[in-house]
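Student: compute the structure for the input listed below.
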Amino acid sequence: MQVIHPITWVTSKVVASNIPEDDYDEFSATAVYSSGAYCIVALTHQVFRALTALDGTDNPYPPTDISSASPSWELVGYTNRWRMFDPYTNSQTEGVALDGGGTVIDVTVDASRCDALALLNTNCSRIQLTLYSSGGEVLWEYDSNNDPYALSASFSGSWSEHFRREGRYKTNFYFVFPCWVGALLKIVITSTGPVRCGNAVIGKMKYVGESLLSPKISKTSYSKKVTDDFGQTYLKKGVIVRDIDFVVEVSNGRLDYLNTLFDDLDAVPAVYICDNSTSLQDVFAQVFILYGFYGSFEVVVPNAITSEASIVVKGLL
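Tutor: Down below sits the predicted model:
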């Protein structure tokens, strides 16, 4: 079992992006806004909606106004460019069209002192990664086109099902690359249709221990049964959140290290790889890659050599 201890995304960490930040006009203290009008603040990469009409007479600054007693703005979310860097997986950055067809997300991020990347809630047909040194030297490359089973999720139980089943792609991925001071990581995600990425998590891969058998995977559906005033009932589809409860065997010599690690991870969204895979090709199942936070970490020490740590990871939307 491993966990990607993430860096915090700030503007300076995203070196380049092909996604324009033009969802709406930039906020202006002198512009006229009708109630319900939208604006963006590129400095914080956020989208705001006016709660009341504003006449352009020293309009309040949205990022600070939303915390006031009588706000004039409400936070809607993040800009399209920044959704893959926000704390959520259900808000996706959408790519831009390619001249020859298809769409692409092309970003370059600061990967200094990092060695792992996770791409979550991603809809794509190709992933290309290139790690550069500060001098522009290529340190590491990955192309899913050279790994035919990396993206495919079309597992079948018979030849008939293999040929008749609609092709599907995985949505959660992780990659391990060399740790290098001053490195830059270029991420190119493409698709023949709309390409989307819910979250890009980069950081240091931390080894916890060997996951034991009998993990418990649970799903919570937020779909609702809705009945209107006339008695008509229909289902309103919501999102699904996964939790994993599992046990890890750890060396007693690493107990202090793990205690400190999980203190650092408290209330920090991270990527938990809950099987014993060491690369994307070894992943036992997609459900074992989970973005969330740990709800509990309990250790039983039955002998002088190894201990068993019970960990509950709660998924985030």
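Student: I'd say Ser223 and Val241 touch.
Tutor: No - using C-beta atoms under 8 Å, Ser223 is not in contact with Val241, being 11.6 Å away. (Glycine included, C-beta is placed from N, CA and C.)
Student: which one's more surrounded, these two?
Tutor: Taking other C-beta atoms under 10 Å, Ser223 and Val241 do not tie; Val241 has more neighbours (18 against 11).
Student: can you find the helix or strand in this structure with the smallest mean pLDDT?
Tutor: Sorting the helices and strands of the chain by mean pLDDT, DSSP states H and E puts helix 159-164 at the bottom, at a mean of 63.
Student: who does the helix or strand following it touch, helix- and strand-wise?
Tutor: Sequence order places strand 173-176 as the next helix or strand after helix 159-164, per DSSP states H and E. Here strand 173-176 touches strand 116-120, going by 3 or more C-beta pairs under 8 Å, 6 or more residues apart in numbering; DSSP states H and E.
Student: so what touches the strand it packs on?
Tutor: By C-beta atoms under 8 Å, 6 or more residues apart in numbering, the residues outside strand 116-120 that reach it are 4, 89, 111, 127, 129, 171-177, 185, 187, 189, 197-205, 271, 289, 291.
Student: what strands line up against it, and which way round?
Tutor: Partner strands and pairing direction for strand 116-120 (DSSP bridges) are strand 173-176 (antiparallel), strand 199-207 (antiparallel).
Student: helix or strand right after the shortest one?
Tutor: Read that as strand 173-176. strand 184-191.
Student: what's that following strand in contact with?
Tutor: 15, 95, 98, 102-111, 114, 117, 119, 122-132, 134, 177, 195, 197, 200, 202.
Student: change it to 6 Å
Tutor: Residues outside strand 184-191 that contact it (C-beta atoms under 6 Å, 6 or more residues apart in numbering): 102-109, 111, 124-132, 195, 197.
Student: out of the contacts of strand 116-120, which are buried?
Tutor: 4, 89, 111, 127, 129, 171-177, 185, 187, 189, 197-203, 205, 271, 289, 291 (16 or more other C-beta atoms under 10 Å).
Student: let me see the contact set for Arg126.
Tutor: By C-beta under 6 Å, 6+ apart, Arg126 lies in contact with Ser144, Asn145, Thr190.
Student: so what pairs up with the last one in the strands?
Tutor: In other words, Thr190. Val104, Arg126.
Student: look at His5 and give its secondary structure.
Tutor: Under DSSP: H, G, I helix; E, B strand; the rest coil, the three-state class of His5 is strand.
Student: gap between it and Lys186?
Tutor: To Lys186, His5 is 22 Å away according to C-beta to C-beta, to the nearest Å.
Student: count the neighbours of Ile19 for me.
Tutor: 21.
Student: quick revisit: mind putting the strands paired with strand 116-120 into a markdown table with distance to Ser28 and mean pLDDT?
Tutor: Below are the strands paired with strand 116-120 laid out as a markdown table (distance: least, C-beta to C-beta, whole Å; pLDDT from 0 to 100):
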| stretch | distance to Ser28 | mean pLDDT |
| --- | --- | --- |
| strand 173-176 | 40 | 93 |
| strand 199-207 | 31 | 97 |
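Student: can the ones you listed go into CSV with extra columns for distance to Pro215?
Tutor: Converted to CSV, these look like this (distance: least, C-beta to C-beta, whole Å):
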stretch, distance to Pro215
strand 173-176, 18
strand 199-207, 17
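Student: nearest to Ile40, out of these?
Tutor: Proximity to Ile40, assessed across these by C-beta to C-beta, is greatest for strand 199-207 (20.1 Å).
Student: hmm, who's touching whichever helix or strand comes after that closest one?
Tutor: With elements assigned by DSSP H and E, the helix or strand that comes after strand 199-207 is strand 210-211. With contact meaning C-beta under 6 Å, 6+ apart, strand 210-211 is reached by Met1, Phe246, Val248, Glu249, Cys274, Asp275, Asn276.
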